[in-house]
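**Student:** one predicted model, sequence on top.
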Number of protein chains: 2
Amino acid sequence: MTVPESGLPEDAFDALCTVLGQAHVHTGRDDRLGRAGGLSYLDLLRHRGFGEPAVPDAVVAPGDPDEVLRVVEVCAAHDVGIVPFGGGTSVVGGVAALRGDKAAVVVVDLYRLDRLVSVDPVSRLAVFQAGVTGPEAERLLAAHGLTLGHVPQSFERATIGGFAATRSSGQASAGYGRFEDMVEGVRIATPRGDWRLGAAPASAAGPDLRQLVVGSEGAFGVVTEVTVRVRELPTIRRYEGFVLDGWDAGVTAVRTLAQRRVLADVTRLSDPYETDVAFAMSGGWKTALVRRYLRLRKVHEPCLLVLGWEATSKEELAARRHATLRALAGSRPVSLGTPAGESWRHGRFAGPRQRDALLDKGVCVETLETAAYWARLGELRTAVRDALVGSLSAPGRTPVVACHISHAYETGASLYFTVLVPRDADDPETQWRRAKAAACAAIGPLGTITHHHAVGVDHAPYLAAEIGTLGVDVLASVKRTLDPDGVCNPGKLLG
Amino acid sequence: MTVPESGLPEDAFDALCTVLGQAHVHTGRDDRLGRAGGLSYLDLLRHRGFGEPAVPDAVVAPGDPDEVLRVVEVCAAHDVGIVPFGGGTSVVGGVAALRGDKAAVVVVDLYRLDRLVSVDPVSRLAVFQAGVTGPEAERLLAAHGLTLGHVPQSFERATIGGFAATRSSGQASAGYGRFEDMVEGVRIATPRGDWRLGAAPASAAGPDLRQLVVGSEGAFGVVTEVTVRVRELPTIRRYEGFVLDGWDAGVTAVRTLAQRRVLADVTRLSDPYETDVAFAMSGGWKTALVRRYLRLRKVHEPCLLVLGWEATSKEELAARRHATLRALAGSRPVSLGTPAGESWRHGRFAGPRQRDALLDKGVCVETLETAAYWARLGELRTAVRDALVGSLSAPGRTPVVACHISHAYETGASLYFTVLVPRDADDPETQWRRAKAAACAAIGPLGTITHHHAVGVDHAPYLAAEIGTLGVDVLASVKRTLDPDGVCNPGKLLG
């Protein structure tokens, strides 16, 4: 693969070395290639020889929030673009090293911001530096008997700063909330200086500006610290599988749980297609027997429902489980027991690895997600499914499109689609772009363009339709205020 | 009281009449005086002859969101200020008819925007026009078996649009959430045009701009419609009174309920001073006997705790009450039974009327509220109390300062102070300003300047300390984008 020479101007390089020491300013080929993009389908294609990844001119590794601020100031002074980089798990091009109108772009790798700065066990608050990964955050909190409870599929690599920058949502969002619900305070290094927000758990002192920083995807500056709400570490858990008959019955069941506010901490409903794949793939229990059993129980179109509760006492778990199952009873669930639940839990972070393996075998494998209000959810699923099948089908080539609800709210839910289809050997990028455009067009009138993957590059063309041209103008004005020279993550969020 | 002539330019008057018809453009003395400010202490003083209220040049009453938009456009074109007016219950000067740098200012009275536009019972969504009052919203929803559950003390007069514009929080916020938690979508008439937000229950499509409009206090435009999450109408309720021994024990109890996520829908803890007032004032139960009973039960410093549950079935209520009381047991509560709870519920909206009566008798009566993380809450209460007592005490004049928690979160809680002191007959405004400044200085390093009363005029000087000068710059840039001529609610939020 061709890696262009670093185009970082010498004076910028010198200034960065002055701030960080030369040991933390990397311009070598491998360092730069290793930070060239994230895990989007196009990123992965490019690292497999289809097209060229956008390679940064340097990778810098500041050691604390103050050094990040000085890096941002140096880059702004030298008109060099900045790409904040945590786990590099963006699936929408959020960490692509785009130059925009800049001569050079620097990746700010936050791995050295790895500290739990403070814990307030009374208020249940923890201050993390931005580069702490999911597992490390949990390990650091567990020493205090606490947990964050944020477990997106990217958990193993993604970071606290990235969770905040992208409005991440974890698999246990029904119990612990979305990441934005956990953010009590945030610190961001902008070209205009350090900005700290978060004085109290709730406030009426004007708009909630924390919610303007959460989801800003590095376009306003680099998130350097996040104050999060934490909870007592659960000591007991129970994950169970159930089957409901048909998608509509499944949706009604999850909606009932959400609206009666008795959701399990993990609540995940697969559609018949995804259930079929799960039954076929799961080695843990015997596929044929399960199908026979479900026919006996008169389930015609099985939809797998995984429910998981976590608690600090048996009594709490029993009471919450009882409330969930009581509300579920009307939907006539068929229990598959805890092995089916534990089987899901065991494989919960395996998606990205499976994807890599399939990509290596020439499969186009992509996921996309959206959310909508309950009344539109059925139509949305059908519309996106039809768009994907329509745009990806070809003679001898029929895509598999599976879907699940992984995040439920009182007023609606997310839909997460997994698509598998033989890769177009000649032009896989066009194949993907056609499907992406079709899916986004289907989503437009019914839901949000992204429930938890953020905007990045891939969704930027669709943002204006969702938040209005006034919304885009508002975001652009905020960016001009905090980043007057436009050095912060060029080409992301606002395109 | 002197009411100045209307200074509305003739061409602006004509243009407003063209949009609304002359019947809805009011320039008479009484109409204008009746919309001159809200219910802040200074507003109430001015209507009692201390100082002059800011009287608008006209009051206009558009009939729907489109007419509001046209009014906003006309005012922007004629460089006339706009003050949105719902129930007029702002206690921080939020509806004062300030001119700023404009020659004239018009109050936009939203009382004709009184419709429930639509209900989606599946998604549990309702779209309200901005002028619908609290009771009317509940009446309209009850016909569908639904409720909003938002009951601030201003409930009887305040409006849906005002709730959104000010980040209102109701007495049942522990169960139903703050108003911002209920807002799924919002429509705002800005000088740059109509802006609608809200595509899904949750989204990662950039920052949550709904949370930028919620709390914008009319500074970006006029909120004309709000889409709110609604719930099934409760069919059963239970309000109970308890007493805990001492403020610290009370705070620990409420914190435990919040962190175990078993708060009652209404959870309200009075400090010993407020408890003393409550015991003395409450006619419903016999004060002396209560005190004797509590001494027998070895309660030395009683703090009243009101807990209220609302549910759709006996079983749900029993289960939730059981979970609350189980978590409360360690705090050794002494039950006062349901009459004490119902007594509070009965008088829950009486505050403003009692205040009017006391003001008429020459008492300076004011409330102020803040919020902080749990670890700072004790210090915050002491600091604000000391500031109020110190700034208001004079020979023969000792203020009564009572405090309660009315909104609790996992990480902290609100504190609501009520202050009574003989009014300074010569210069009541300076007396108030001295106390306000002292209280705000005490709050600054510990909590938020306002938990649910908004910024308005009174808190504007303290906003920058809380959100930073960058925060103020960001809000100012958003305002410039949406309201380039600065006609929207001059002098509020950003001062």
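**Tutor:** Looks like it came in fine. These numbers were taken from a predicted model, which means no experiment stands behind them.

**Student:** how about A:Gly100, secondary structure?
**Tutor:** Under the three-state scheme (DSSP: H, G, I helix; E, B strand; the rest coil), the conformation of A:Gly100 reads as coil.

**Student:** ok, it - contacts?
**Tutor:** If a contact means CB atoms under 8 Å, 6 or more residues apart in numbering or on different chains, then A:Gly100 has A:Gly81, A:Gly486, A:Pro490, A:Gly491 as its contacts. No exception for glycine: its C-beta is placed from N, CA and C like everyone else's.

**Student:** and of these, the nearest to A:Gln431?
**Tutor:** Minimum separation from A:Gln431 among the contacts of A:Gly100 (CB to CB) is found for A:Gly491, which lies at 22.8 Å.

**Student:** neighbours of the closest one, just the number please.
**Tutor:** The number of residues packed around A:Gly491, counting by other CB atoms under 10 Å in any protein chain shown, is 21.

**Student:** wasn't it part of a strand?
**Tutor:** No. With three-state DSSP as the criterion, A:Gly491 is coil rather than part of a strand.

**Student:** just to revisit the earlier point, can you pick the most crowded of the contacts of A:Gly100?
**Tutor:** Neighbour counts for the contacts of A:Gly100 (other CB under 10 Å) peak at A:Gly81, which has 26 neighbours.

**Student:** check whether stretch A:126-133 contacts chain B.
**Tutor:** No. Judged by CB under 8 Å from any CB of the partner chain, stretch A:126-133 and chain B are separated, with a smallest distance of 10.5 Å.

**Student:** helix or strand for A:Val478, which one?
**Tutor:** In this structure, A:Val478 sits in helix A:460-482 according to DSSP states H and E.

**Student:** with only the CA atoms kept, save that helix in PDB.
**Tutor:** Included here for helix A:460-482 are C-alpha records, laid out as PDB according to Å, rounded to 0.1, in the frame of the first residue of the first chain:
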ATOM      1  CA  ALA A 460     -23.100  13.700   6.800                       C
ATOM      2  CA  PRO A 461     -25.000  14.100   3.500                       C
ATOM      3  CA  TYR A 462     -28.200  13.200   5.300                       C
ATOM      4  CA  LEU A 463     -27.900  15.400   8.400                       C
ATOM      5  CA  ALA A 464     -29.600  18.500   7.000                       C
ATOM      6  CA  ALA A 465     -32.700  16.500   6.200                       C
ATOM      7  CA  GLU A 466     -33.000  15.500   9.800                       C
ATOM      8  CA  ILE A 467     -32.100  18.700  11.700                       C
ATOM      9  CA  GLY A 468     -33.100  21.200   9.100                       C
ATOM     10  CA  THR A 469     -30.900  23.700   7.300                       C
ATOM     11  CA  LEU A 470     -31.300  25.900  10.400                       C
ATOM     12  CA  GLY A 471     -29.900  23.100  12.500                       C
ATOM     13  CA  VAL A 472     -26.900  22.800  10.300                       C
ATOM     14  CA  ASP A 473     -26.500  26.600  10.400                       C
ATOM     15  CA  VAL A 474     -26.600  26.400  14.200                       C
ATOM     16  CA  LEU A 475     -24.000  23.700  14.400                       C
ATOM     17  CA  ALA A 476     -21.800  25.600  11.900                       C
ATOM     18  CA  SER A 477     -22.100  28.800  14.000                       C
ATOM     19  CA  VAL A 478     -21.000  26.900  17.100                       C
ATOM     20  CA  LYS A 479     -18.100  25.400  15.200                       C
ATOM     21  CA  ARG A 480     -17.000  28.900  14.000                       C
ATOM     22  CA  THR A 481     -17.100  30.100  17.500                       C
ATOM     23  CA  LEU A 482     -15.100  27.300  19.100                       C
END
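
**Student:** what are the buried residues along that helix?
**Tutor:** Of the residues in helix A:460-482, those buried under the neighbour-count criterion (16 or more other CB atoms under 10 Å in any protein chain shown) are A:460, A:462-463, A:465-468, A:470-479, A:481-482.

**Student:** what are the ranges of the helices in the stretch 201-350 of chain A?
**Tutor:** A:210-213, A:247-259, A:272-281, A:287-296, A:314-328, A:337-346 (DSSP state H, counting those that start in this stretch).

**Student:** mind listing what the residue nearest to A:Leu110 when sequence neighbours are not counted touches?
**Tutor:** Spatial nearest neighbour of A:Leu110, excluding adjacent residues (CB to CB, 6 or more residues apart in numbering or on different chains): A:Gly131 at 3.6 Å. Taking CB under 8 Å, 6+ apart as the definition of contact, the neighbours of A:Gly131 are A:Gly86, A:Asp109, A:Leu110, A:Tyr111, A:Arg112, A:Leu113, A:Asp114, A:Thr159, A:Ile160, A:Gly161.

**Student:** A:Trp309 and A:Ala174: what is the separation?
**Tutor:** 10 Å (CB to CB, to the nearest Å).

**Student:** which residues are in contact with each of those two?
**Tutor:** A:Ala264, A:Asp265.

**Student:** near chain B, which residues of the stretch 301-450 of chain A show up?
**Tutor:** Checking the stretch 301-450 of chain A against chain B by CB under 8 Å from any CB, the hits are A:316, A:319, A:323, A:370-376, A:407, A:409-414, A:447-450.

**Student:** how is chain A divided into domains?
**Tutor:** Residue ranges for the structural domains of chain A, counted by automatic domain parsing, are given in the record as A:10-112, A:116-232, A:236-346, A:351-443.

**Student:** average pLDDT across the helix holding A:Val478?
**Tutor:** Within the predicted structure, the mean pLDDT of helix A:460-482 is 98.

**Student:** packing partners for it?
**Tutor:** The helices and strands touching helix A:460-482, judged by 3 or more CB pairs under 8 Å, 6 or more residues apart in numbering or on different chains; DSSP states H and E, are helix A:428-443, strand B:193-197, helix B:460-482.
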